[in-house]
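*Asks:* Predicted model and sequence follow; I will ask about them next.
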Amino acid sequence: MDPVILRSALTLGAVALSAAVILFLVAKRFKVYEDPRIERILELLPGANCGGCGYPGCRGFAEALVKAADEGDISALKCPPGGSDTMAAVGKYLGIEVAESLPTIAVVCCGGTLEKAPPKLGYDGPAKCTISHALFNGENGCAYGCLGLGDCVAVCTFDAIYMDEQTHLPVVLEEKCVACGACVKACPRHIIEIRPKGKKGRRVWINCMNKEKGAVARKNCKVACIGCGKCVKECPEKIQAITLGNNLAYIDPDKCIACGKCIPVCPTGSIAATFTPPQPKPKPQKEHKPETQEVSQ
């Protein structure tokens, strides 16, 4: 063999061997170890990658679970699509007991339908709530109400929300909603809230987000909360689930027992519920005794 060719082959072989050794050492030095528990937890998660847990996808959530498990507590971590069953399975695998959490759902807190809050002007721009919100108060003049352009619908990967053509308000489908919170983040008016489903699906909430004074709010919407405080007074003293601030009432879902007593006393009908509220008992009328006249003898 030609000595030049042989020398070249040996040189290239030596360079290749040196490169291979260097790559091996670098890979060994900078190897990223992945806990095998992460893959197992990924199998237990629903794989929705919705971000409802607050982490970038299911893998990020699985990594957070493993880290929290090493610290001995995963109670602060929740998987909205999977619910209590998924978290119980994850806890069982990690050897940590997980308390059962109440199922939650997205709730639209706006009652400004076309009938209750008729439009006063038209909007001729891009059909996105974020853009409309930046440009003006809204077609009905309420700076806090739903804009009706469906940003929440566009981001829902579960087809759990749609725009009602009659009311121009979003409607949440309870059987599909997993409370991932994507619609909450997408709404520039912050009218969607994640709330507990409640016992037997009984929920009560203030169907308004308007913080303007009552007279101003009522000019734009007939069912606006006017901050009168009647619901606060009606809520049982032991419960005290309703507070009033910034001209707006708020019902704490963790305290509310869904008795419905606050609903009929609201003068504008701005309190919504998933059930028919009890009708207030009529006050007993005083009996008027006929006046008796003394008969003179």
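*Replies:* Sure, I can see it. Numbers count the residues shown, from 1 in each chain.
*Asks:* which residues does the residue nearest in space to the middle of the chain contact?
*Replies:* The centroid of the chain falls nearest to residue 194 when counting by Cα atoms, centre = their mean (2.7 Å). Neighbour list for residue 194: 104, 105, 106, 107, 179, 181, 184 [criterion: Cβ atoms under 8 Å, 6 or more residues apart in numbering]. Every C-beta, even on glycine, is put in place using the N, C-alpha and C of the backbone.
*Asks:* neighbours around residue 69, how many?
*Replies:* Residues contacting residue 69 under the criterion other Cβ atoms under 10 Å number 20.
*Asks:* Which residue lies closest in space to it, excluding its sequence neighbours?
*Replies:* Once flanking residues are discounted, residue 69 sits nearest to residue 94: 4.4 Å by Cβ to Cβ, 6 or more residues apart in numbering.
*Asks:* Looking at the one you found now. What's its pLDDT?
*Replies:* Residue 94 is assigned a pLDDT of 94 by the prediction.
*Asks:* just to revisit the earlier point, for the helix or strand harbouring the residue nearest to the centre of the chain, list the C-alpha coordinates in PDB.
*Replies:* For residue 194, the host element (DSSP states H and E) is strand 192-196. In PDB, the C-alpha atoms belonging to strand 192-196 read as follows (Å, rounded to 0.1, in the frame of the first residue of the first chain):
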ATOM      1  CA  ILE A 192     -64.800  34.100  33.600                       C
ATOM      2  CA  GLU A 193     -63.900  32.500  36.900                       C
ATOM      3  CA  ILE A 194     -63.000  28.900  37.900                       C
ATOM      4  CA  ARG A 195     -65.400  28.000  40.700                       C
ATOM      5  CA  PRO A 196     -66.300  24.700  42.500                       C
END
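*Asks:* Next secondary structure after that strand?
*Replies:* Next element after strand 192-196 (DSSP H and E): strand 204-206.
*Asks:* Run the chain-centre distance for that next one.
*Replies:* On the basis of Cα atoms, centre = their mean, to the nearest Å, strand 204-206 sits 14 Å off its chain's mean C-alpha point.
*Asks:* Buried residues, whichever helix or strand comes after that strand. List them.
*Replies:* Counting by DSSP H and E, the next helix or strand C-terminal to strand 204-206 is helix 214-220. Using 16 or more other Cβ atoms under 10 Å as the burial criterion, the residues of helix 214-220 that qualify are 214, 217, 218, 220.
*Asks:* And for stretch 50-67?
*Replies:* If you call a residue buried by 16+ other Cβ under 10 Å, then stretch 50-67 has these buried ones: 50-53, 55, 58-59, 61-66.
*Asks:* looking at this protein, which helix or strand does the model trust least?
*Replies:* Within the chain, no helix or strand scores below helix 3-29, which has a mean of 80 by mean pLDDT, DSSP states H and E.
*Asks:* list the contacts for the closest residue to residue 131 other than its chain neighbours?
*Replies:* Using Cβ to Cβ, 6+ apart and skipping residues adjacent in sequence, the residue nearest residue 131 is residue 125, 6.2 Å away. Each residue near residue 125 by Cβ under 8 Å, 6+ apart is listed here: 131, 132, 135.
*Asks:* Can you select the buried ones among those for me in PyMOL?
*Replies:* Those of these that count as buried under 16+ other Cβ under 10 Å are selected in PyMOL with:
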select buried, resi 132
